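> Any chance you could fold what I've pasted below:
(chains A and B)
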Amino acid sequence: MIQLIELGKRFGNLVAVDGINLKVDSGEAFGFLGPNGAGKTTTIKMMAGLIKPTSGKVVIDGWDLAEHPNRAKKVVGFIPDRPFLYEKLTALEFLKFIAGLYNFSSNGVEGKIDYLFGLFGLTDWRNELIESFSHGMKQRLVMASAFVHQPKLIIVDEPMVGLDPKGAKLVKEVFRGFCAKGGTIFMSTHTLEIAEEVCDRIAIIQEGKIIAVGNMKELKERTGSGGKNLESVFFKLTGGEEVKRIVDALKV
Amino acid sequence: MREIILLLKTKILSYKNSSKNEEKKRFLRFIIFFSVGLLFWLGTFLIFFRVLSYFASIEVIGALLASRLLSMVFLTFFSLLIFSNVITALSTYFLSDDLQLLNSTPVALSSLYAGRFVENIVNSSWTVLFFSFPVFLAYGLVYNATLLYYLTLIGVIVPFLLLSAALGTILILILVYIFPARRLKDIIMLASIFLVVGVFLFIRFLQPERLVNPESFYLVMDYISNLKTPTSPLIPSQWAANAISPLLFGYPEDWGFFLLLLWSTGLAFVVMGEWVFKRIYYDAWSKAQEAKSAKLSRSKIINRVLETMLRPFPSQIRVVVLKDIRIFLRDTNQWPQLFLICALVVIYIYNFSVLPLEKSPMPTFYLENLLSFINLGLAAFVIAAIAVRFTFPSISLEGRSFWIVKSSPLELRKLVWSKFWLNFFFLLIPAEILIITTDILMNATNFMLWLSAITIGGMTFGITSLGIGFGAYFSRFKVENVSQIATGFGGMMYMIVAVSFIGLVVILEARPVYLFFMSKIRSIPLTGAELTEIVVLLFMALILNVLAFILPMKLGLRKLASLEI
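Reported below is the predicted structural model:
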């Protein structure tokens, strides 16, 4: 479903993403982890077509994003970390707008929208302006909008930001259900527990390079973490000593 | 004091750092802003110098007129300053993003008041101060004022600014304490625009052109006695005028008294402002945070009509146009501009309806058609002015939500063209109404009517394309206030290019129209050479229109495609 081939991005002298290679299959939930500034959001933005790579390419569902951007984007639902939306539209108008953008305006669209409002707990808010929504509600609306055109792939940057525990549980279930039906999830997150629960495979990126890829078992074996959780794997790979020093420094 | 300096330093550093990022554009921007500013400055100075020199040459009532004008100038500045302070204070004290952080720190209320007060004065007063300088300089030069006049002027302006800033701050504190801040901004904007439009229309419909009729002067003594009466002894702007007048016109008034009155009142209001601030700011601030979810009325009928009208279009175009219209109708920030423009158009048409063409010594036929030709340029300028407010910002209005469109399979070309057509019809309708109504009011010939209607139609293509193209090229998705999009560097560049385009088209059409009318007046048919000249020049105008239609759209699209968000 996704192929990242020698994908790189520079901002002036800063190398944000340094020639990464990845392959994600259909039906897979793939986690993309890394410390702040590692290049996660830049990679995701390149995959969503928001920024152009300096080198390499992104292939989605067999379509090269640079050559056939619209064909590739058609199968993607994108959920950014910060839900900037058209504040003066109602939730219903917004979802209809998204459906129209993806040329998905057949008779079934109203039913699909109703279903998504129900699923994400927004039915009572469907005719309210988005400007009156809380951050968490906006995040739920963006998620609903990502599913409205029946995508094959969901690219999501920090899915749990602003969500309450109930919302977070719902999102995990929705993602699992989506993958069970053959959909693919590519998710960047800081919440290691979510990655561990939802993702089939995980890649860890640091300083623009992928330093490890595999399922939980493979990652644990590689780091010698034994029965420990993803957190210890993550710290071993990305410099846990540094974190320990910070924690010590914060102690009063 | 340390806290106040710290608060101000943060603002100065933010400004310095933001301009550092735009090194390349900065020089060009500076040159353009400087030139335009200088032009306005010189224009204001020359107009006042001319008017005041004329007043100085009239005995008895000359000085009275100049003195009355000074009172009016101060009154205008005073109202402008209070209005501007109210708007700025709402942002600086209640809506500014950094207030969340500041109010969670142990910054003393008096420091916050003082720090923001200085910021308020700088933000709200610099334009008034800048444009008042040529006015006062003109007064000083015409009436041969001494150094004492200029020193007193500084002594008058400082408390004048303090007073208006304190009044504006107190007013907004009380208003926000009573009403929610986020609705208040709309209310203030709408009310102020209604007020401005009302005053405009009032003055216009008074028909000031009647004053040039000698019959109007029969009550000259009444006029003089009216001039001698001060505007109102209780208004601070009159104190400012009274403090300056003796140094200009040699009146025996006690200018020192008025100067002290200004200072004592100004400082008293600053202290009163602090007192009010300390008592009600936290309550008002807290209220302002709660009022985000105000509901806006949404008409189902309008929505249905729009959806039905747009049904024939492809789904992607339909949803983009529908979204733009909905946002436009619901964003009250746009309304005041619309009201102002409607008022300008009404005044514009009215002006043409009252032109006393029959009293002119020139042949009416010639004059009517000459005027309708000038009208063409002016009407196009009005359309460009509307476009800079609505068409130019239309791409930037996607704002931070631009990711939605950019990550969707909608081609940017379709987005940009859907905006083009929406704006084109939005501009074409007033353009044609404007030109046809005024031409009919002036009894222009059918030839001129058709030429004007076709030319303005053609120019609307160019004006719209320039608006969308430049808007895309100079797009600003992160701007907080919509009006900043049009008043920025890109907006100014757009106006310069649009006005040059209009000027060139009018120049290219001037000669053919001249030849046509001369042949009509002289009743001599056009020669072959003249006909060729007409065709060539009109063809060149057509080419210019085509270029203005195609090039900016291409340029804007290319820039938008390469944009990274």
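> which bits of the stretch 351-500 of chain B sit near chain A?
Applying the criterion Cβ under 8 Å from any Cβ of the partner chain, the portion of the stretch 351-500 of chain B that neighbours chain A consists of B:Gly399, B:Arg400, B:Ser401, B:Trp403, B:Ile404, B:Val405, B:Lys406, B:Ser407, B:Ser408, B:Pro409, B:Leu410, B:Glu411. C-beta: built from backbone N, CA, C; applies to glycine.
> Drop the exposed ones from those residues and show what's left.
With burial judged by 16 or more other Cβ atoms under 10 Å in any protein chain shown, the buried subset of those is B:Gly399, B:Arg400, B:Ser401, B:Trp403, B:Ile404, B:Val405, B:Lys406, B:Ser407, B:Ser408, B:Pro409, B:Leu410.
> Please list the members of those that lie in helices.
B:Trp403, B:Ile404, B:Val405, B:Lys406 (DSSP state H).
> could you dump those to a markdown table with distance to B:Ser14?
Listed next are those as a markdown table, based on distance: Cβ to Cβ, whole Å:
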| residue | distance to B:Ser14 |
| --- | --- |
| B:Trp403 | 25 |
| B:Ile404 | 29 |
| B:Val405 | 30 |
| B:Lys406 | 28 |
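> List just the nearest of the residues you listed to B:Thr391.
Using Cβ to Cβ, B:Val405 comes nearest to B:Thr391 of those, at 18.0 Å.
> picking that back up, Throw the buried ones among the residues of the stretch 351-500 of chain B next to chain A into CSV and include distance to B:Phe470 and pLDDT, thanks.
As requested, those are exported to CSV (distance: Cβ to Cβ, whole Å; pLDDT from 0 to 100):
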residue, distance to B:Phe470, pLDDT
B:Gly399, 18, 84
B:Arg400, 21, 87
B:Ser401, 21, 89
B:Trp403, 23, 90
B:Ile404, 23, 91
B:Val405, 19, 89
B:Lys406, 20, 89
B:Ser407, 25, 90
B:Ser408, 24, 91
B:Pro409, 27, 90
B:Leu410, 22, 89
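> Columns distance to B:Phe49 on top of those, output as a markdown table?
Formatted as a markdown table, the entries for those read as follows, by distance: Cβ to Cβ, whole Å:
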| residue | distance to B:Phe49 |
| --- | --- |
| B:Gly399 | 45 |
| B:Arg400 | 48 |
| B:Ser401 | 50 |
| B:Trp403 | 54 |
| B:Ile404 | 55 |
| B:Val405 | 53 |
| B:Lys406 | 53 |
| B:Ser407 | 58 |
| B:Ser408 | 58 |
| B:Pro409 | 62 |
| B:Leu410 | 56 |
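> B:Phe352 contacts B:Met442, correct?
Yes. Look at B:Phe352 against B:Met442 with Cβ atoms under 8 Å: they come within range, at 6.0 Å.
> nearest spatial neighbour of the closest residue to chain A within the stretch 301-450 of chain B, skipping sequence neighbours?
Among the residues of the stretch 301-450 of chain B, B:Val319 lies closest to chain A, at 3.0 Å counting by Cβ to the nearest Cβ. Counting by Cβ to Cβ, 6 or more residues apart in numbering or on different chains, A:Gly100 is the residue found nearest to B:Val319 once chain neighbours are left out, at 3.0 Å.
> residues from chain B in reach of chain A?
Applying Cβ under 8 Å from any Cβ, one finds that chain B approaches chain A through B:292-296, B:298, B:314-316, B:318-320, B:322-323, B:326-327, B:330-331, B:399-401, B:403-411, B:562, B:564-565.
> Mean confidence (pLDDT) on stretch A:36-46, please.
Computed over stretch A:36-46, the mean pLDDT rounds to 89.
> In it, which residues are buried?
For stretch A:36-46, burial by neighbour count (16+ other Cβ under 10 Å) applies to A:Ala38, A:Gly39, A:Lys40, A:Thr41, A:Thr42, A:Thr43, A:Ile44, A:Lys45, A:Met46.
> now do stretch B:96-110
Applying a neighbour-count criterion of 16+ other Cβ under 10 Å, the buried positions in stretch B:96-110 are B:Leu99, B:Val107.
> In CSV, could you pull the C-alpha coordinates for it?
Taking only C-alpha atoms (Å, rounded to 0.1, in the frame of the first residue of the first chain), the coordinates of stretch B:96-110 have been written out as CSV:
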residue,chain,number,x,y,z
SER,B,96,-4.1,38.8,22.1
ASP,B,97,-2.7,35.2,22.1
ASP,B,98,0.1,35.8,24.7
LEU,B,99,-2.4,36.9,27.3
GLN,B,100,-3.1,33.3,28.3
LEU,B,101,0.5,33.0,29.3
LEU,B,102,0.9,36.4,30.9
ASN,B,103,-2.3,36.1,33.0
SER,B,104,-1.0,32.8,34.4
THR,B,105,2.2,34.4,35.6
PRO,B,106,2.5,36.7,38.6
VAL,B,107,2.8,39.9,36.6
ALA,B,108,1.3,42.8,38.6
LEU,B,109,-2.0,44.2,37.1
SER,B,110,-0.6,47.7,37.1
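> how distant is it from the center of its chain?
From the chain centre to the centre of stretch B:96-110 is a distance of 33 Å (Cα atoms, centre = their mean, to the nearest Å).
> what about the residue nearest to B:Tyr251 when sequence neighbours are not counted, helix or strand, and which?
Excluding its sequence neighbours, the residue lying closest to B:Tyr251 (Cβ to Cβ, 6+ apart) is B:Ser245, at 5.4 Å. Under DSSP states H and E, the secondary-structure element containing B:Ser245 is helix B:236-249.
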